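S.K.: quick one: sequence and predicted model below, then my questions.
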Amino acid sequence: MKMKFTVGIWNVRSMWQAGTYAMLKKELERFRYDVVGLCEVRWTGSGELEKGKLLWSGTETEHIHGVGMILGVKARRALIEYNVVNDRLMYARFKGYARDIFVIVAYAPTTNHSDDEVETFYKQLEQTLKILTKKDVKIIVGD
């Protein structure tokens, strides 16, 4: 049996201003999706809203970077776990029909960041990939 699981990515370029999340939800009503990865959320801290409909991770104090996921109904039901690695990486594991589906949202530093920042990011991404099993379906989305 085949199962469709639709994943996308959106660089929202900041959800810091009031009402931005509501506008984003309204815009997404036009699409069929299970998971939409978000980059440049720019919210502080990490957490979830609306019983897991939105998951996010940001810096502790500054409104910079940040990643998130908006989950559709099917994805919320299939969610096994999620983890925030830092303000540039997070992942979620979903129960699939024959295999688990592992979605990573990554917001990589650009070339105008230091080599150390870039290297640290890719090391953290590599560490995240190491926790997967060979059976997992792996999906990486990002900017």
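M.R.: Cool, got the structure.

S.K.: C-alpha from now on. contacts and neighbour counts both.
M.R.: Fine.

S.K.: which stretches in the chain count as helices?
M.R.: Taking DSSP state H as the test, the helices found in the chain are 20-28, 73-78, 115-130.

S.K.: can you pull out the low-pLDDT segments for the protein?
M.R.: 1-2, 14-16, 18, 44, 63-64 (pLDDT under 70).

S.K.: which of the residues in stretch 72-89 are buried?
M.R.: Buried residues in stretch 72-89, defined by neighbour count with 16 or more other CA atoms under 10 Å: Gly72, Ala75, Arg76, Ala78, Leu79, Asn83, Val84, Val85, Asn86, Asp87, Arg88, Leu89.

S.K.: can I get those residues in JSON lines including distance to Ala106?
M.R.: Formatted as JSON lines, the buried residues of stretch 72-89 follow (distance: CA to CA, whole Å):
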{"residue": "Gly72", "distance to Ala106": "19"}
{"residue": "Ala75", "distance to Ala106": "19"}
{"residue": "Arg76", "distance to Ala106": "20"}
{"residue": "Ala78", "distance to Ala106": "21"}
{"residue": "Leu79", "distance to Ala106": "19"}
{"residue": "Asn83", "distance to Ala106": "13"}
{"residue": "Val84", "distance to Ala106": "11"}
{"residue": "Val85", "distance to Ala106": "10"}
{"residue": "Asn86", "distance to Ala106": "10"}
{"residue": "Asp87", "distance to Ala106": "9"}
{"residue": "Arg88", "distance to Ala106": "6"}
{"residue": "Leu89", "distance to Ala106": "5"}
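
S.K.: closest one of the residues you listed to Arg99?
M.R.: Distance ranking of these against Arg99, using CA to CA, places Ala78 first at 11.7 Å.

S.K.: that closest one contacts Tyr97, correct?
M.R.: No: using CA atoms under 8 Å, Ala78 is not in contact with Tyr97; the gap is 9.9 Å.

S.K.: for Lys4, grab phi and psi.
M.R.: Main-chain torsions, Lys4, degrees, to the nearest 10: phi -90, psi 140.

S.K.: now do it against Ala78, distance only.
M.R.: For Lys4, the distance to Ala78 equals 13 Å [CA to CA, to the nearest Å].
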